[in-house]
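Visitor: task: produce atomic coordinates for the following.
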Amino acid sequence: MAISPAEEAVIETNRKGATTRPVKPRGPLDPREAARAKIFKTIKPSVVYITSATRRIGIVNLATGDVFAIPPGTGTGFVWDDLGHVVTNHHVIEVDVSGKPLTEAEDLQVKLPDGKAYKARVIGGSIQHDIAVLQVFAPLKDMKPIAIGSSKDLVVGQSVLAIGNPWGLDHTMTEGIISGLGREVTTDETLGRRIRGAIQTDAAINPGNSGGTLLDSEGRLIGMNTAIKSTSGASAGIGFAIPVDTLNRIVPQLIARGQLEPPVLGFSTVADSEVRLMGIKGAVVVEVEPKGRAELAGLRGMKTGPAGQALGDIIVGFQGRPVESAVQLFDLLELEPKNATLVFEVMRDDKRITITIRPSSSEAHRGKDGPPL
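Guide: Purely as a prediction, here's the structure:
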């Protein structure tokens, strides 16, 4: 349709008046915005970008939406201490073929927030817990340790921030809340890899966020972002983080010894989610291996009789500390040195008894429902 002379005259007149728009001044950031910006500025020097030649094949189940580990190859980590140690997820640094890890990558590089990249070596790792520790050969003055918080006093509904490198985008922050606590999430059935006591959050977590920081509103580390539940491989508002209390137990052991050596006892427990439904506090023993250390010490599992299944021993104390769940018991066991004598307080038929076990790391075992012990 042709433009009329009058229309053309308006257009030409307006062209001559083209200019930039005046900027409307804004006031200061509101308190929440200012707090987030301050946290990001404070934490950014502690968050690093990890790269390797790693790629993972076939970990996404698009049909079922099963939980899976966020793909490796590029990932996030954070400075743990003033000795140059960086913590990340183990799957970030695995050389992996069809879901079966062959070895830990040797071509790792860690890029600091100033843009400089440095060589790194894996000095400790736990495939089962999906935690790895790197020694980064960078100037220690350029590596700022992150502030450590606590995960035992978290509550559903409190605000959280996630900082990482999603999709390879450098230092990205997302915000959300804690959606759930105490989740037990299996991220790799083949490797027996699962997060115990996981923090669930709706803060956006995507590939590349793996190994990144989950922070509370004061900027303290409360978890390491590790897995998502999604049918597409991208964030669907259901992410999971390893609690910082777990990291604070395991990381020092990995730095000191390179690996975990939890005691092997020969019994398994009921999943905590089922125990909670029973209204029971403690670790409920479901099965005891014949002739294993636990059976020889007198521990009893569930029994099936004419009236149905009878409840097994309930472990309510360990080494003088109260035990409220199998996850807690498993965490406490990991702190014990090899061949230590282990003393359990057990409820049996409404009576409290003591069971003493001397573990043997050579004894093979596998838990069926709850954490294998």
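Visitor: ok, and the closest non-adjacent residue to Leu140?
Guide: In this structure, Leu140 finds its nearest non-sequential neighbour in Gly84, 5.7 Å apart by Cβ to Cβ, 6 or more residues apart in numbering. Yep, even glycine has a C-beta here, placed from its N, CA and C like the rest.
Visitor: what does the pLDDT read for Ala105?
Guide: You'll see Ala105 listed with a pLDDT of 73.
Visitor: from His85, how far out is it?
Guide: 17 Å (Cβ to Cβ, to the nearest Å).
Visitor: what about the strands in the stretch 51-200 of the chain?
Guide: 67-69, 74-79, 85-88, 94-97, 100-104, 109-111, 117-126, 131-136, 159-164, 172-188, 193-201 (DSSP state E, counting those that start in this stretch).
Visitor: lowest-confidence stretch among these?
Guide: When I compare those, strand 67-69 is least confident, with a mean of 48.
Visitor: what's the closest of the strands of the stretch 51-200 of the chain to Ala294?
Guide: strand 193-201 (20.0 Å; Cβ to Cβ).
Visitor: how far off strand 159-164 does that closest one point, in degrees?
Guide: 130 degrees (axes from the mean of the first three to the mean of the last three Cα atoms, to 10 degrees).
Visitor: mind putting the strands of the stretch 51-200 of the chain into TSV with mean neighbour count and distance to Thr341?
Guide: Converted to TSV, those look like this (neighbours: other Cβ atoms under 10 Å; distance: least, Cβ to Cβ, whole Å):
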stretch	mean neighbour count	distance to Thr341
strand 67-69	23	36
strand 74-79	26	37
strand 85-88	26	31
strand 94-97	20	36
strand 100-104	14	34
strand 109-111	18	41
strand 117-126	19	24
strand 131-136	25	27
strand 159-164	24	40
strand 172-188	18	29
strand 193-201	23	25
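Visitor: dump these to TSV, plus distance to Gln309.
Guide: Formatted as TSV, the strands of the stretch 51-200 of the chain follow (distance: least, Cβ to Cβ, whole Å):
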stretch	distance to Gln309
strand 67-69	29
strand 74-79	44
strand 85-88	42
strand 94-97	40
strand 100-104	36
strand 109-111	51
strand 117-126	33
strand 131-136	36
strand 159-164	40
strand 172-188	22
strand 193-201	25
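Visitor: excluding chain neighbours, what is closest to Ser150?
Guide: Using Cβ to Cβ, 6+ apart, the closest residue to Ser150 is Asp245 (6.3 Å).
Visitor: would you mind measuring from Ala294 to Ile357?
Guide: For Ala294, the distance to Ile357 - Cβ to Cβ - is 6 Å.
Visitor: what touches both of those two?
Guide: Leu265 (Cβ atoms under 8 Å, 6 or more residues apart in numbering).
Visitor: more crowded one of these two?
Guide: Shown here are Ala294 and Ile357; by other Cβ atoms under 10 Å, Ala294 has more neighbours (27 against 23).
Visitor: contact partners for the more buried one?
Guide: 265-267, 288, 355, 357, 373.
Visitor: looks to me like it is in a strand.
Guide: No: under DSSP: H, G, I helix; E, B strand; the rest coil, Ala294 falls outside any strand and is assigned helix.
Visitor: hmm, who's touching stretch 18-35?
Guide: Applying Cβ under 8 Å, 6+ apart, the contact partners of stretch 18-35 are 37, 217.
Visitor: and the end-to-end length of it?
Guide: 39 Å (Cα to Cα, to the nearest Å).
Visitor: what comes up buried for that stretch?
Guide: Ala35 (16 or more other Cβ atoms under 10 Å).
Visitor: pick the one among the contacts of Ala294 closest to Gly239.
Guide: Distances from Gly239 to these, taken by Cβ to Cβ, are shortest for Leu373, at 28.3 Å.
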